[in-house]
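1. Sequence plus predicted model, see below.
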Amino acid sequence: MVTAYDYSSSKYADEAGIDTILVGDSVNMVVLGQDSTASLTMDEEIHHCKAVAAGAKRAFLIGDLPFMSYQADPVEAVRNAGRLIKEGRMDGVKLEGGKRVVEQVRRIVAAGIPVIGHIGLTPQTLSELGGYRIQGKSSDDAMRLYEDALALQEAGCIAIVLESIPAPVATEISERLEIPTVGIGAGSGCDGQVLVYHDLLGLFDDFTPRFVRRYANLKPLILDALRAYHEDVTKREFPAEEHTYPMKDEEKEKFIQEINQYDIF
């Protein structure tokens, strides 16, 4: 799974054979420049979902339900999940939380919409968790995660994202569930893995979580290209002749004669 936010990144991920593309609410930080995911709106999420759907032809597409689009009311949760499918052209939705969102999951699944759960570090509730902290470090906390995973499975989730939990915990949970797990900072014992497109390509460096591996570092290449473009324009070396459109000599001369006689004042 790759988290992507626009047409081009979705198109490339799809062409590379990525199985699932997640339009994460992390778009609020990575693309929109906010300091958390909490302020993302449904309309903003749908905007990016539509762009991703336009780029992907074969990958399974998952839209993130933004903060407070599903927590308060199961009926509202179904309605907003439906918007991601109908307006955003997604194949399924993802929401955060364990036992506390079981009723929402059941209602959405009953409406015929595939749901992926998300437990462990849940960015929408960072203030409750005390910030970006590893979850499930104690035996009691690890058991609570397992119970949450079982509850989500029973409610009808097709998969569960496990974020920032100890690898042994994620492995044990993954082996005991009947549905697949997708890890991010949860070790290799999960059934799948997810990274953000911008993280794995080195395009976002405001902060880099421990679990990120950069498969390319495109930022220096992009900066070099932009600086070279700026310099070429400043020196009038761009555009060169090959970048311009020609005009027949007789038409050019006629135009010059006419414009010289034209009183622009």
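-> On my side now, so go ahead.
2. which one is K50 nearest to, not counting chain neighbours?
-> Distances taken as Cβ to Cβ, 6 or more residues apart in numbering put G88 closest to K50, at 5.7 Å, once the chain neighbours are dropped. Yep, even glycine has a C-beta here, placed from its N, CA and C like the rest.
3. Ok, T37 next?
-> D25 (4.3 Å).
4. my guess is that neighbour meets M42, correct?
-> No: contact criterion Cβ atoms under 8 Å: D25 and M42 do not qualify, at 10.5 Å.
5. list the residues that contact both of the two?
-> P66 (Cβ atoms under 8 Å, 6 or more residues apart in numbering).
6. Mind checking which of those two has more residues around it?
-> Per other Cβ atoms under 10 Å, whichever of D25 and M42 has more neighbours is D25, with 26 against 18.
7. helix/strand/coil for I165?
-> coil (DSSP: H, G, I helix; E, B strand; the rest coil).
8. Which parts of the stretch 101-250 of the chain are helices?
-> Taking DSSP state H, counting those that start in this stretch to define them, one finds helices in the stretch 101-250 of the chain at 102-110, 126-129, 139-155, 167-176, 197-200, 218-234, 249-261.
9. Output the third one as CSV, restricted to C-alpha atoms.
-> Just to be clear, that refers to helix 139-155. Output of helix 139-155 as CSV, limited to C-alpha atoms (Å, rounded to 0.1, in the frame of the first residue of the first chain):
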residue,chain,number,x,y,z
SER,A,139,1.4,-6.3,28.0
ASP,A,140,-1.9,-4.7,29.1
ASP,A,141,-1.8,-2.2,26.3
ALA,A,142,-0.8,-4.9,23.7
MET,A,143,-3.8,-6.9,24.8
ARG,A,144,-6.1,-3.9,24.4
LEU,A,145,-4.8,-3.6,20.8
TYR,A,146,-5.5,-7.2,20.2
GLU,A,147,-9.0,-6.9,21.6
ASP,A,148,-9.6,-3.8,19.4
ALA,A,149,-8.4,-5.8,16.3
LEU,A,150,-10.7,-8.7,17.1
ALA,A,151,-13.6,-6.3,17.6
LEU,A,152,-12.9,-4.6,14.2
GLN,A,153,-12.7,-8.0,12.5
GLU,A,154,-16.0,-9.1,14.0
ALA,A,155,-17.6,-5.9,12.9
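10. buried stuff in that helix?
-> Within helix 139-155, the residues that qualify as buried are D141, A142, R144, L145, Y146, D148, A149, L150, A151, L152, Q153, A155, counting by 16 or more other Cβ atoms under 10 Å.
11. Just the mean pLDDT for that helix, thanks.
-> Averaging pLDDT along helix 139-155 yields 98.
12. burial of the residue nearest to K50, as a residue count?
-> 22.
13. Now do the same contact list for it.
-> Applying Cβ under 8 Å, 6+ apart, the residues near G88 are V23, E45, I46, C49, K50, A53, G63.
14. Among these, which lie within helices?
-> Among those, DSSP state H puts E45, I46, C49, K50, A53 in helices.
15. any idea which element the residue lying closest to the first one once chain neighbours are set aside lies in?
-> Nearest-residue entry for E45: P66, 5.3 Å, with adjacent residues in sequence omitted and distances by Cβ to Cβ, 6+ apart. Per DSSP states H and E, P66 falls between elements, in no helix or strand.
16. Angles on the backbone of P66, please.
-> With angles defined as degrees, to the nearest 10, P66 sits at phi -70, psi 160.
17. still on that earlier bit, which one of the ones in helices among the contacts of G88 sits closest to F204?
-> E45 (18.4 Å; Cβ to Cβ).
18. burial of that closest one, as a residue count?
-> 27.
19. so how far is A151 from L95?
-> Distance from L95 to A151, counting by Cβ to Cβ, to the nearest Å: 13 Å.
20. Ok, D206 next?
-> 34 Å.
21. Tell me which helix or strand in the chain has the weakest average pLDDT.
-> The helix or strand of the chain with the lowest confidence, counting by mean pLDDT, DSSP states H and E, is helix 126-129 at a mean of 61.
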